[in-house]
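> coords please:
(one chain, ligands or ions: 2)
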Amino acid sequence: MTVTVTGAGGQIGYAALFRIASGAVFGPDQPVALRLLEIPQGVKAAEGAALELTDCAFPLLASVDIATTPEVGFDGANVALLVGSRPRTAGMERGDLLAANGAIFGPQGRAINDHAADDVRVLVVGNPANTNAFIAQQHAPDVPAERFTALTRLDHNRAVGLLAERAGAAVADIDGITIWGNHSATQYPDLSHATIAGRPALDVVGEEWGRGAYIDRVAKRGAEIIEVRGGSSVASAANAAIDHVRDWFAGTAAARTSVALPSTGAYGIPEGLIASVPVRAASGAWQVVEGLEIDAFSREKIDASVRELESEREQVTALGLVPAG
Ligand code: NAD
Ligand code: LMR
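Numbers count the residues shown, from 1 in each chain. Ligands and ions are numbered 1, 2, ... in the order given. Predicted coordinates for the structure are as follows:
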């Protein structure tokens, strides 16, 4: 299994590499070849991480290579974790990074198209993740669109963790939460179908909180971390990326989670937008959980986040970051 991690010399890269090499993503029997893709300024940090990976003597780590061009970095990649990009700082929204980061993802999408393995699966972490994933996907016409995903598992895990904390419940007793839309402040953490030990979550925590302060807290958790920590989330982001890829390969059994993937039109989300929806995974593919009842409150929230994704798509089109047509 060849795994390419972009921005491997950065913070999230550093938090993710050791867990990937230890078997946390593909299990105890799958050797992994790591490819670290960096820009020249990040190469020293990536080299340092590579030295430390050697020093861990991970039995599953077959090789570590550093690349500075996407063509070499993605050559033969089965999994591509697109992390490399600038994080926001206090006072910014993730969408403010579009102009700075968007240009990274076209060439990477093209290189994935031309050089990655036929079964490549792509997870975009770099912000604004949904629209960066859209840019990459648009440059990879030969790769099935559903192989391009963006990370909303961090939002999902936050939604589970904060609900468990409020209810005094075990994380393992919570199911059925959905993160809808964009990995941004407009995202909609939806408890309508969530349960806590089989009981409707909104009955346990009350609608006022579950459809009020809770939504805001989850949606703005990234900014809360930046304010309290002084920098954007790192370990929880790497952990979520690992959860995402592990579930994509191993499946989710009965449990549901959330992934941003190209819309097929389900739930009225315009086709092709990379929006977060409820999913399960089986046989190496995400399956959208269809048929959930969407009430007027949820409809409005989902539509607002989808409108933001449409506006980001318009911006990157105007910036010339996606191929015409
Ligand atoms: P960081 O600044 O510590 O690391 C970024 C790394 O990317 C640097 O080493 C840099 O050299 C490298 N890089 C920049 N351009 C590159 C390119 N074209 N190719 C390869 N590497 C490149 O940042 P970080 O804390 O690791 O965060 C990375 C990104 O992840 C940010 O955009 C951040 O906002 C985002 N993020 C997303 C989520 C999410 O849930 N989707 C969560 C946390 C952070
Ligand atoms: C997060 O949600 O923690 C990341 O997207 C980083 C950020 O900018 O909030």
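> Ile135 is in contact with Val322, correct?
Yes - applying C-beta atoms under 8 Å as the test, Val322 and Ile135 come out as touching, 5.7 Å apart. Glycine gets a C-beta too; all of them are placed from N, C-alpha and C.
> for the longest strand anywhere in the chain, name the packing helices and strands.
Using DSSP state E, we find that the single longest strand of the chain is strand 274-282. Judged by 3 or more C-beta pairs under 8 Å, 6 or more residues apart in numbering; DSSP states H and E, the packing partners of strand 274-282 are helix 129-138, strand 148-150, strand 178-180, helix 235-250, strand 257-262, strand 285-288, helix 296-318.
> wait, which of the ones you listed is closest to ligand 2?
Comparison of the helices and strands packed on strand 274-282 against ligand 2 by C-beta to the nearest ligand atom identifies helix 235-250 as nearest, at 5.9 Å.
> domain map for this structure?
Listed by automatic domain parsing, the domain ranges of the chain are 2-150, 153-311.
> so which of those domains is nearest ligand 2?
Each of the domains of the chain has some distance to ligand 2 by C-beta to the nearest ligand atom; the shortest is domain 153-311, at 2.2 Å.
> say whether ligand 2 is contacted by that closest one.
Yes - in this structure, domain 153-311 sits against ligand 2 according to C-beta under 6 Å from any ligand atom; the contacting residues are Leu154, Gly222, Ile225, Ser232, Ser233, Ala237.
> excluding chain neighbours, give the residue nearest to the first one in space.
Counting by C-beta to C-beta, 6 or more residues apart in numbering, Ala240 is the residue found nearest to Leu154 once chain neighbours are left out, at 3.7 Å.
> ok, now the fifth one?
Leaving aside its sequence neighbours, Ser233 sits nearest to Ile225 (C-beta to C-beta, 6+ apart; 4.6 Å).
> in which helix or strand would I find that neighbour?
Counting by DSSP states H and E, the secondary-structure element that holds Ile225 is helix 221-229.
> do the same with Asp65
Under the assignment here (DSSP H and E), Asp65 is part of strand 61-67.
> and the next helix or strand after that strand with ligand 1, contact?
Per DSSP H and E, the first helix or strand lying C-terminal to strand 61-67 is helix 70-73. No - figure legend: helix 70-73 not in contact with ligand 1 (C-beta under 6 Å from any ligand atom); closest approach 7.3 Å.
> which ones are touching Ala241?
With contact taken as C-beta atoms under 8 Å, 6 or more residues apart in numbering, Ala241 is in contact with Ile12, Ala16, Leu81, Val83, Leu123, Val125, Leu151, Arg153.
> revised request: answer the last question for Asn157.
Ser236, Asn239, Ala240, Asp243.
> what's the closest of the residues you listed to Cys56?
Distances from Cys56 to the contacts of Asn157, taken as C-beta to C-beta, are shortest for Asn239 (18.0 Å).
> pLDDT at the closest one, what is it?
Asn239 carries a pLDDT score of 98 in this model.
> could you check how many residues crowd around it?
When counting by other C-beta atoms under 10 Å, one arrives at 19 neighbours for Asn239.
> now do Met92
So Met92, with other C-beta under 10 Å, has 14 neighbours.
> helix or strand for it, which one?
Using DSSP H and E, no helix or strand contains Met92.
> tell me the angle of the longest strand of the chain relative to helix 296-318?
For strand 274-282 against helix 296-318, the angle by axes from the mean of the first three to the mean of the last three C-alpha atoms, to 10 degrees is 110 degrees.
> so which bits of strand 274-282 are buried?
Along strand 274-282, these residues count as buried under the neighbour rule (16 or more other C-beta atoms under 10 Å): Ile274, Ala275, Ser276, Val277, Pro278, Val279, Arg280, Ala281.
> anything in that strand near ligand 1?
No - figure legend: strand 274-282 not in contact with ligand 1 (C-beta under 6 Å from any ligand atom); closest approach 10.5 Å.
> returning to that earlier point: correct me, but the residue nearest to Leu154 touches Val160?
No - the pair Ala240 / Val160 is not scored as a contact, 11.0 Å apart, by C-beta under 8 Å.
> looking at those two, which is more packed in?
In this comparison of Ala240 against Val160, neighbours counted by other C-beta under 10 Å, the higher total goes to Ala240 at 23 against 20.
> neighbours around the residue nearest to Ser233, how many?
When counting by other C-beta under 10 Å, one arrives at 18 neighbours for Ile225.
> which residues are in contact with it?
Contact analysis of Ile225 by C-beta under 8 Å, 6+ apart lists Ser232, Ser233, Ser236.
> which residues are in contact with stretch 86-94?
In this structure, residues lying in contact with stretch 86-94 by C-beta under 8 Å, 6+ apart are 11, 96-97, 100-101, 127-129, 183-185, 222-223, 226-227, 231-232.
> endpoints of that stretch, how far apart?
Across its full length, stretch 86-94 reaches 10 Å between end residues, using C-alpha to C-alpha, to the nearest Å.
> also stretch 219-238?
Using C-alpha to C-alpha, the end-to-end distance of stretch 219-238 comes to 18 Å.
> which positions in that stretch come out as buried?
Residues Ala219, Arg221, Gly222, Ala223, Ile225, Ile226, Ser232, Ser233, Val234, Ser236, Ala237, Ala238 are the ones in stretch 219-238 that count as buried (16+ other C-beta under 10 Å).
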